[in-house]
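Novice: build me a structure from this.
(one chain, ligands or ions: 1)
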Amino acid sequence: MTAKIMDGKAVAEKIRAKVKAEVANLKTKPGLAAILVGENPASKVYVDIKRKTCDEVGIYSELYKLPEETTEKELLQLIGRLNKSEKIHGILVQLPLPRRINEEKVLEAIALEKDVDGFSLVNVGRLASGREAAVPCTPKGVIRLLEEYGIDLAWKNAVVIGRSNIVGKPTALLLLNRNATVTICHSKTADLPHYTKKADILVAAAGKPKLVKADMVKEGAVVIDVGINRVEGKLVGDVDFASVKEKASYITPVPGGVGPMTVAMLIENTLERYKEITRRK
Ligand code: GUN
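Specialist: Now for the predicted structure:
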């Protein structure tokens, strides 16, 4: 079997167009504040793309590029100001933060109604209890892609490789909430192929280039590659695309799969935060 390629770029473009049309009809603009601390090169690229996409769809944005030595107190003060800003409806702190800054404390400082990433404990709890509110962008993008291609999740075995708070865990919860039977594998899973070979839906979010080979994949599986790894100047996913595409029924490419969906979900989430805030006023 040769897999159908899931075109995240095209689906994301459709979502951006929908957000743009909706924003054009609003009396005021939704606003997103993105905060980047330090010099992580990948994070710099991501926040620049996020900002550019906001411009493209008519969302107001503020980008704070703070030096590596920024203190936790300074960061909390900035979040405090943004929480009060009338122009801002979503606040995003790009992760990872420098190690000396307490990530949980920073994420909890964001006003709940402006938690555009869904990383606050309340929103994590809502997701875990099946009452999804603001949902993290990459996991939401994975689910949206599956929906766009008409892939049902009930009765399916879904295996997620990776247990991060940003991708692995929330993706597993979203799949579970949609009636998939979910297994989470990680770096200390004994015999990873034993699990992946049973997966009807396989989501790779381990951050390990080409971890998933064809012999680990069930014939006809749907394979979603969340990995973005730079190897010798080239972007490669967590899936060995060339071999796995001959066995899967659907597969996402890297780049052009999940990546553009993450940004599309961020602008959709920003619009949702805006609507929630303005509705309550
Ligand atoms: N770092 C990697 N992915 C993400 C994301 O979706 N949001 C934020 N804030 N940081 C990230």
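Novice: for residue 89, give me its contacts.
Specialist: Contacts for residue 89 were tallied using C-beta atoms under 8 Å, 6 or more residues apart in numbering; they are 30-32, 114, 116, 270, 273-274, 277. No exception for glycine: its C-beta is placed from N, CA and C like everyone else's.
Novice: CSV please, covering the residues you listed and showing secondary structure.
Specialist: Shown next, in CSV, are the contacts of residue 89 (DSSP: H, G, I helix; E, B strand; the rest coil):
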residue, secondary structure
30, coil
31, strand
32, strand
114, helix
116, coil
270, helix
273, helix
274, helix
277, helix
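Novice: kindly reformat those residues as JSON lines containing distance to residue 211.
Specialist: Output for the contacts of residue 89, formatted as JSON lines (distance: C-beta to C-beta, whole Å):
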{"residue": "30", "distance to residue 211": "37"}
{"residue": "31", "distance to residue 211": "39"}
{"residue": "32", "distance to residue 211": "33"}
{"residue": "114", "distance to residue 211": "35"}
{"residue": "116", "distance to residue 211": "30"}
{"residue": "270", "distance to residue 211": "32"}
{"residue": "273", "distance to residue 211": "34"}
{"residue": "274", "distance to residue 211": "38"}
{"residue": "277", "distance to residue 211": "41"}
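Novice: hmm, which two among those residues are most spread apart?
Specialist: 32 and 277 (12.4 Å; C-beta to C-beta).
Novice: for these two, indicate the residue with more neighbours.
Specialist: With neighbours defined as other C-beta atoms under 10 Å, residue 32 and residue 277 compare such that residue 32 has more, 28 against 17.
Novice: how near is the more buried one to the ligand?
Specialist: 11 Å (C-beta to the nearest ligand atom, to the nearest Å).
Novice: that residue against residue 92, yeah?
Specialist: Yes. When contacts are counted by C-beta atoms under 8 Å, residue 32 is listed as touching residue 92 (6.6 Å).
Novice: ok, whatever residue of the stretch 151-281 of the chain ends up closest to the ligand - contacts?
Specialist: Nearest residue of the stretch 151-281 of the chain to the ligand (C-beta to the nearest ligand atom) works out as residue 166 at 4.9 Å. The neighbours of residue 166, taking C-beta under 8 Å, 6+ apart as the test, are 95, 119, 136, 138.
Novice: hmm, 10 Å instead?
Specialist: 95-96, 117-119, 136-139, 205, 226 (C-beta atoms under 10 Å, 6 or more residues apart in numbering).
Novice: quick one on the thing from earlier: any chance of the contacts of residue 89 in CSV, with distance to residue 105 and pLDDT too?
Specialist: Shown next, in CSV, are the contacts of residue 89 (distance: C-beta to C-beta, whole Å; pLDDT from 0 to 100):
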residue, distance to residue 105, pLDDT
30, 27, 98
31, 24, 98
32, 22, 98
114, 16, 98
116, 18, 98
270, 23, 98
273, 21, 98
274, 26, 98
277, 23, 98
